[in-house]
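1. what would the 3D arrangement of this be:
(chains A and B)
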Amino acid sequence: DTEVTQTPKHLVMGMTNKKSLKCEQHMGHRAMYWYKQKAKKPPELMFVYSYEKLSINESVPSRFSPECPNSSLLNLHLHALQPEDSALYLCASSQDRLGGLAAGGRIEQYFGPGTRLTVT
Amino acid sequence: KNEVEQSPQNLTAQEGEFITINCSYSVGISALHWLQQHPGGGIVSLFMLSSGKKKHGRLIATINIQEKHSSLHITASHPRDSAVYICAVRLSNNNDMRFGAGTRLTVKP
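-> Numbering: from 1, shown residues only, chains lettered A, B, ... in the order given. From the prediction side, this is the model:
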């Protein structure tokens, strides 16, 4: 199983709503990532979890709250979002966060299909 | 200047044409990825390269580490190849990715 799954596929929410995005992988990967992608732009890294601990928060507003309840699951809790937060939210996972040449350069990120979020 | 630059931004080709997309980077990397993103949004990893050349079907990817440059070639292009192709590099000091802006390819029948 080399799949990263994300739910829901589409989400429309108001600015006062609270919702959550979910990401799941069963490849035994210990690093998981949230990216945000605006239309016609490359993905931007938001958060990195390594061994279920938050290791990078790329100055993301607190209205986005990540959670990693176990090594297979990654959630992104959303509260009081703004219309400009509308985007495609991509989850990815990799075997480990640290790698590089010492690990033979074999670590690859696997991406989920994304959740298309619209904030009204 | 972006850490990862792709060219061209947009590319329109006729079915059957040979296509080349280029990627240059300015950071230390341990690997370079070519990714394909269809209009639905999900990203598919086509290749991961740390040296040399890889081939998969009609797709060929090359990388020159000294020149910090990679190319993705598509032979005998087909309308189903229409997608955004993204070059992404993995930083050599950790596993974090940096993405190019993408090349939007349209192959016309």
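
2. need the residues of chain B near chain A, please.
-> Residues of chain B lying close to chain A by CB under 8 Å from any CB of the partner chain are B:30-31, B:33, B:35, B:40-45, B:48, B:50, B:86, B:88, B:90, B:92-97, B:99-102, B:104. All C-beta spots, glycine's among them, are computed from the backbone N, C-alpha and C.

3. list the ones among those residues that fall in strands.
-> Judged by DSSP state E, these include B:30-31, B:33, B:35, B:43-45, B:48, B:86, B:88, B:90, B:97, B:99, B:104 as members of strands.

4. returning to what we had before: show me which of the residues of chain B next to chain A are buried.
-> Buried members of these, counted by 16 or more other CB atoms under 10 Å in any protein chain shown: B:30-31, B:33, B:35, B:41-43, B:45, B:48, B:50, B:86, B:88, B:90, B:92, B:94-97, B:99-102, B:104.

5. for the ones in strands among the residues of chain B next to chain A, give me a markdown table that also has distance to A:Y33 and pLDDT.
-> Output for these, formatted as a markdown table (distance: CB to CB, whole Å; pLDDT from 0 to 100):
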| residue | distance to A:Y33 | pLDDT |
| --- | --- | --- |
| B:S30 | 16 | 86 |
| B:A31 | 15 | 88 |
| B:H33 | 13 | 92 |
| B:L35 | 14 | 92 |
| B:I43 | 12 | 84 |
| B:V44 | 16 | 84 |
| B:S45 | 14 | 84 |
| B:M48 | 16 | 89 |
| B:I86 | 15 | 94 |
| B:A88 | 12 | 93 |
| B:R90 | 12 | 86 |
| B:M97 | 8 | 82 |
| B:F99 | 12 | 91 |
| B:R104 | 24 | 95 |
